[in-house]
Each structure stands twice: as structure tokens, then as C-alpha cells.
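sharing a sequence plus its predicted fold:
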Amino acid sequence: MEETSIPALMTLVSDLGFPVVLVLYLLFRFEKRITTLAIAIDNLKDAISRDR
């Protein structure tokens with residue numbers, strides 16, 4: 001979710017409910033971080049397997 005206006009957020013909250021809106025916000029916000037962590041874990045796994 002990019003910069004979203006307050007009325008649009010209020011509409012989502014009233015239509016879907018606060019917990020659903022919160023989960024969607026957190027999912028979109030942390031998606032990039034999760035992808036970056038997955039890449040780092042793969043790189044670490046490769047580095048460890050090369051050292052053995």
C-alpha cells in the first residue's frame with residue numbers, strides 16, 4: 001500500500017474490519033523484507049555448503 005488517504009482507509013476498515021485491514025497492511029509492508037531475508041538465507045546456505 002502506497003500513500004493512502006485517510007478516507008480510503010476508513011472505507012476499508014468499515015467494509016472489511018480492522019483486523020483484516022491490519023493484516024493486509026503488514027503483509028504488503030513486510031513482503032520486501034521477507035524476500036530479502038529468503039535471499040540472504042539462500043546465500044548463507046550456499047556459503048556453508050562450499051566450506052564443507
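Sure thing, it's come through.

Leu24 and Asp42, how far apart?
Distance of Leu24 to Asp42, computed by CB to CB, to the nearest Å: 27 Å. Bear in mind the C-beta positions are built from the backbone N, C-alpha and C, glycine included.

which one of those two is surrounded by more residues?
Leu24 (13 against 10; other CB atoms under 10 Å).

mind checking the pLDDT average for stretch 5-25?
In this model, stretch 5-25 carries a mean pLDDT of 85.

quick check: end-to-end length of that stretch?
With CA to CA, to the nearest Å as the measure, stretch 5-25 spans 14 Å from end to end.

buried ones in it, by neighbour count?
12, 21 (16 or more other CB atoms under 10 Å).

how far off centre is that stretch?
On the basis of CA atoms, centre = their mean, to the nearest Å, stretch 5-25 is displaced by 16 Å from the centre of the chain it belongs to.

flag every buried residue along the lengthiest helix in the chain.
If you go by DSSP state H, the chain has its longest helix at helix 18-51. Residues Val21 are the ones in helix 18-51 that count as buried (16+ other CB under 10 Å).
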